[in-house]
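Predicted structure and sequence below. I'll ask about it afterward.
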2 protein chains.
Amino acid sequence: MDEKDFNARDVMETVSLLIEERDYTALRKILLDIEPQDLALLIEKCSNRELPIIFRLLPKVLAAEVFVEMESDIQHELIKLFSDKELKAVLDELYVDDTVDLIEEMPANVVKRILHNTDNETRVFINEILKYPKDSAGSIMTVEYVRLDKNMTVADSFKRIRRVGVDKETIYTCYVTEPDKTLLGLVTVKHLLLSDEDSLIGDIMEKNIIYATTNDDREKVAREMSKYDFLAMPVVDNEHRLVGIVTVDDAIDVLQEEATADIEKLTGITPAYKPYLKTSVLEIWSKRVPWLLLLMVSATFTGSIITYFEGTLSKMVILTVFIPMLMGTGGNAGGQASVTIIRGLSLGEITMGDIFKVVWKESCVAILSGIALATVGFLKFTLIDRADTITALAVCITLIVIVVAAKFIGAVLPILAKRIGIDPVVVASPLISTLLDAISLLVYFGITTAIIPQLK
Amino acid sequence: MDEKDFNARDVMETVSLLIEERDYTALRKILLDIEPQDLALLIEKCSNRELPIIFRLLPKVLAAEVFVEMESDIQHELIKLFSDKELKAVLDELYVDDTVDLIEEMPANVVKRILHNTDNETRVFINEILKYPKDSAGSIMTVEYVRLDKNMTVADSFKRIRRVGVDKETIYTCYVTEPDKTLLGLVTVKHLLLSDEDSLIGDIMEKNIIYATTNDDREKVAREMSKYDFLAMPVVDNEHRLVGIVTVDDAIDVLQEEATADIEKLTGITPAYKPYLKTSVLEIWSKRVPWLLLLMVSATFTGSIITYFEGTLSKMVILTVFIPMLMGTGGNAGGQASVTIIRGLSLGEITMGDIFKVVWKESCVAILSGIALATVGFLKFTLIDRADTITALAVCITLIVIVVAAKFIGAVLPILAKRIGIDPVVVASPLISTLLDAISLLVYFGITTAIIPQLK
């Protein structure tokens, strides 16, 4: 693929040159060879003068495809440059779910202009989709699918697909409904192609189908689609009427966004759900600083624990050397467990019923890890850090206790959080690691004062 | 979807009962209504006595679909129970890429039995795929696709699809090649359906296509597929001959696995690329303990920094209170920056060329965050921790310096790592956070000894 990789900067030079020379025929030829997603990247690098020239050279359908792929600030720029007629031409080619995405990003006056330039039917659909919650299946579904009747033959169906297919996001899964849109079944184009022309759809359709309802969580729907290898999933309302479908490309986007959100939450960032470079400094700041503040304040309590044992530490200065190591190891060991469990929960690989298996597994891993750390640690503490045997022993016992406690807490907290309906990711590091810091210190001072003769 | 959620435990009770009553007709009826993925979950809960009974009740095609979805230990169990004839029946229905996946998981003696029971043509394909590196496009591609000739008409193509389609993983994108398999173009079934029956494939095919080569990184291919909303991506060899295709369901799995791997690496775990519950204790331990050891040893150096400044600390006990907070804040602030940048790099939202934009943005965020932390901190340190004004001021200045340094390092290191060809995730936390711990301490002692009169 390397030789085919699209380099927006290089192409843009050629494009700018052709615009200067007004060689629009050559320019159009180049543009037509580029994928819509790459054209969108190219157009983001345009000057405001070049922007409308390039955009107007594109055939209507391609222009709409490119428009969908652009970042919202450039879309806004373009809409300002569009005449009402041009805007209507683009909107006519957009899928309704893309128009909804656009509306959600634009300021009120632009939304008004957009709605003014869409036809009545589309406007009804738009309002329909806009009323679903942001994380729901309804909010990511498309209303353009191929609907078949159970009394049609396979030949009829192909006629229908040929007639209406051009405007649909996918034609490969067709849905069979009653006239009132109650979902009866589905049939794939593969199945249609392999069936007899005269077969009735009602006879060949798949009746036992998996569907989502409009209020289902979009991540759950995307995960089911990935599990069952679906290209599309039907979405029904409470009366089991088909209102739309979720297509696999949107499901992938949801899975990617949710993975990013999980990674951000684990790091102490409130997810922004948009690309970094398109997020303003203030917005980035607002997603991060509450966590930094919370963790800063909670960490001063850990500090107070150290001060509380200042007397102990002053009796044996070497004990201080091990504090960052013990706190770090507790945090790392707990983080390993919690992150593994959280990802397993989120991928559906681990369920509530597995809690005892998880605890057992983590306990075994913890004991083995603790022993390994203690063994290596003992050698390093005595040989390099020049600690006496009793002190090194106390630190090593602390290590084992901390690792076991950390793995246990790290494994159990996310599962408990999920059981009581809290997002497991939120309880995970860095919050768990602050908790583990405090526990590590208390265990350390408890064990050292109990074992080391000088401290008694 | 809630009402449709599959509960393996509940269904298993019914299934066990029917097996006991030997009511295989009723049992078969129930099984046929369940999706292959859910049947696989069900079968994992079976006893070894029930396993073959259930499996033998399934029609051949469904049995193969279920087999693919099962975890490798259960597959192993089943193969041991199979007669050669039964094994061959399942293998005949598997797609070649699934057979390869199976071979990679099985012990040598089972592999031998599998190869013995596959036909010659398939064995050639298997050996072909097995030779590609584990992370390559070649390793995840399927060799079963629909190949068309440029001289075929649309009607011919449909005939061909009807003839060969039943065995192909996808029929919706068909590939046009020369007789020697040189890739010429592609045509989708949608396009075929909307074209005239007599059109020549050579005239209507899409010639300007995006493809992967066998050695391309599988994650890159999956990302491109997601970017361009492809249902399949052709894979060619060095002579531009089509050797296979990557289908969207496999691309989704790759993206999910890589997201998991990124999360694990960020937490200090070497990815295992398999589900937690299927990974043995020893394997989990081996993926985690090297990181714990590395971080434990590096953290003792941080400890040495504290000991080095023991004299300073003993002059002002209150300085110790702030150590965990400063180290934690440095780690958290740097982690926020590095994780955001790493995810942006991995999603392709941030490229090398954006390094100055990123540094500028992170610097602004860092200064704003530093000021916010310093303001809240000053109030807490003076009012709650009872620090004097000069000490609180020194800690606050340290906070600002640490946050700015941490955000800068956290943002720049991953980009530099990528430039020199190292996986950015590996340089990120917890390694960055150990580095930041040391820096935070040095800055702290530097600033406090410079500002606070008692320490001079």
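Received the coordinates, thanks. Numbering: from 1, shown residues only, chains lettered A, B, ... in the order given.

Confidence-wise, which helix or strand of chain A is lowest on average?
helix A:424-427 (a mean of 79; mean pLDDT, DSSP states H and E).

Quick check: next helix or strand after that one?
With elements assigned by DSSP states H and E, the helix or strand that comes after helix A:424-427 is helix A:431-451.

could you give the mean pLDDT of that following helix?
The average pLDDT within helix A:431-451 is 89.

Check what contacts that helix and list those residues.
The contact list for helix A:431-451 (C-beta atoms under 8 Å, 6 or more residues apart in numbering or on different chains) reads A:295, A:298-299, A:301-302, A:305-306, A:309, A:312, A:316, A:319, A:322-323, A:326-327, A:329-331, A:334-335, A:338, A:390-391, A:393-395, A:397-398, A:401-402, A:405-406, A:409-410, A:413, A:455-456, B:324, B:328. Yep, even glycine has a C-beta here, placed from its N, CA and C like the rest.

For A:Leu186, give me phi and psi.
phi -140, psi 160 (degrees, to the nearest 10).

My error: substitute A:Ile34 in the last question.
In terms of degrees, to the nearest 10, the main-chain angles of A:Ile34 are phi -100, psi 140.

Compute the number of surrounding residues for it.
Look at A:Ile34: counted by other C-beta atoms under 10 Å in any protein chain shown, it has 20 neighbours.

Show the pLDDT at it.
A:Ile34 is given a pLDDT of 88.

pretty sure it contacts A:Leu42?
Yes. Taking C-beta atoms under 8 Å as the definition, A:Ile34 is a contact partner of A:Leu42 at 6.9 Å.

Now do the shared contacts for these two.
Both A:Ile34 and A:Leu42 are in contact with A:Val11, where contact means C-beta under 8 Å, 6+ apart.

Test my guess that A:Gly328 contacts B:Leu294.
No. Contact criterion C-beta under 8 Å: A:Gly328 and B:Leu294 do not qualify, at 10.9 Å.

and stretch A:165-182, is it in reach of chain B?
Yes. Part of stretch A:165-182 sits near chain B under the criterion C-beta under 8 Å from any C-beta of the partner chain, namely A:165-166, A:171-172.

Could you pick out the buried ones from those?
Among the residues of stretch A:165-182 next to chain B, those classed as buried by 16 or more other C-beta atoms under 10 Å in any protein chain shown are A:165, A:171-172.

And chain A, what are its domain boundaries?
Per automatic domain parsing, the structural domains of chain A span A:2-131, A:147-257, A:276-455.

Pick out the shakiest of those domains, pLDDT-wise.
Lowest mean pLDDT within the domains of chain A: domain A:2-131, at a mean of 84.

Off-centre distance for that domain?
Distance, stretch centre to chain centre, for domain A:2-131: 25 Å (C-alpha atoms, centre = their mean, to the nearest Å).

is it fair to say A:Tyr145 lies in a strand?
No. Judged by DSSP: H, G, I helix; E, B strand; the rest coil, A:Tyr145 forms no part of a strand; its state is coil.

so what's it closest to, chain neighbours aside?
Distance criterion C-beta to C-beta, 6 or more residues apart in numbering or on different chains; nearest residue to A:Tyr145, sequence neighbours excluded, is A:Ile245 at 4.6 Å.

so who does that neighbour touch?
Contacts of A:Ile245 by C-beta under 8 Å, 6+ apart are A:141-142, A:145, A:169-170, A:173, A:175, A:232-235.

do A:Ser298 as well
With C-beta under 8 Å, 6+ apart, A:Ser298 has these contacts: A:Thr434.

how much space between it and B:Lys131?
Distance, A:Ser298 to B:Lys131, using C-beta to C-beta, to the nearest Å: 53 Å.

Chain B contacts on the stretch 51-200 of chain A?
Near chain B, when you scan the stretch 51-200 of chain A using C-beta under 8 Å from any C-beta, you find A:158, A:161-162, A:165-166, A:171-172, A:189-190, A:193-194.

at 6 Å what do you get?
Applying C-beta under 6 Å from any C-beta of the partner chain, one finds that the stretch 51-200 of chain A approaches chain B through A:161-162, A:171-172, A:189-190, A:193-194.

Of the residues you listed, which pair is most distant in space?
A:Arg162 and A:Leu194 (18.0 Å; C-beta to C-beta).

Surely A:Pro275 and B:Ile350 touch.
No. Counting by C-beta atoms under 6 Å, A:Pro275 stays clear of B:Ile350, with 8.2 Å between them.

Could you pull out the residues contacting both of the two?
Residues touching both A:Pro275 and B:Ile350 (C-beta atoms under 6 Å, 6 or more residues apart in numbering or on different chains): none.

Neighbour count for these two, which is higher?
Per other C-beta under 10 Å, whichever of A:Pro275 and B:Ile350 has more neighbours is B:Ile350, with 24 against 14.

show me the contacts for that one.
Contacts for B:Ile350 (C-beta under 6 Å, 6+ apart) come out as B:Gly344.

That one: what secondary structure?
coil.

Now the phi/psi pair for the closest residue to A:Asp135 other than its chain neighbours, please.
Using C-beta to C-beta, 6+ apart and skipping residues adjacent in sequence, the residue nearest A:Asp135 is A:Arg218, 5.4 Å away. Dihedral pair for A:Arg218: phi -60, psi -30, per degrees, to the nearest 10.

if I look at A:Arg218, how far off is chain B?
Shown here: A:Arg218 relative to chain B, a distance of 11 Å by C-beta to the nearest C-beta, to the nearest Å.

That residue - how many residues pack around it?
Counted with other C-beta under 10 Å, A:Arg218 comes out at 26.

same thing with A:Asn127?
A:Asn127: 12 surrounding residues under other C-beta under 10 Å.

Now do the same contact list for it.
Contacts for A:Asn127 were tallied using C-beta under 6 Å, 6+ apart; there are none.

And the strands in the stretch 201-350 of chain A?
A:212-213, A:232-236, A:242-247 (DSSP state E, counting those that start in this stretch).

Put together a markdown table for the ones you listed, with distance to B:Ile210 on each row.
Below are the strands of the stretch 201-350 of chain A laid out as a markdown table (distance: least, C-beta to C-beta, whole Å):
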| stretch | distance to B:Ile210 |
| --- | --- |
| strand A:212-213 | 31 |
| strand A:232-236 | 23 |
| strand A:242-247 | 19 |
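
just so I know, which of those lies nearest B:Val90?
strand A:232-236 (28.4 Å).

CA-only coordinates of that closest one in PDB, if you can.
Output of strand A:232-236 as PDB, limited to C-alpha atoms (Å, rounded to 0.1, in the frame of the first residue of the first chain):
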ATOM      1  CA  ALA A 232     -26.100  -4.000   9.000                       C
ATOM      2  CA  MET A 233     -28.300  -4.300  12.100                       C
ATOM      3  CA  PRO A 234     -32.000  -3.400  12.000                       C
ATOM      4  CA  VAL A 235     -33.300  -0.900  14.600                       C
ATOM      5  CA  VAL A 236     -36.900  -1.200  15.700                       C
END
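
which other helices and strands contact that strand?
Strand A:232-236 sits against strand A:212-213, strand A:242-247, with contacts defined as 3 or more C-beta pairs under 6 Å, 6 or more residues apart in numbering or on different chains; DSSP states H and E.

looking at those, which is buried most?
strand A:242-247 (a mean of 26; mean count of other C-beta atoms under 10 Å in any protein chain shown).

so it versus strand A:232-236, what angle?
150 degrees (axes from the mean of the first three to the mean of the last three C-alpha atoms, to 10 degrees).

Do a quick rundown of the helices in the stretch 1-150 of chain A.
A:8-20, A:24-32, A:36-44, A:50-57, A:60-69, A:72-81, A:84-93, A:96-105, A:108-116, A:120-130, A:137-140 (DSSP state H, counting those that start in this stretch).

deepest of those helices, which one?
Ranked by mean neighbour count, those are led by helix A:137-140 with a mean of 25 (mean count of other C-beta under 10 Å).

Name the nearest residue to A:Asn208, sequence neighbours excluded.
Sequence neighbours aside, B:Asp33 is the residue nearest to A:Asn208 in space, at 5.0 Å (criterion: C-beta to C-beta, 6+ apart).
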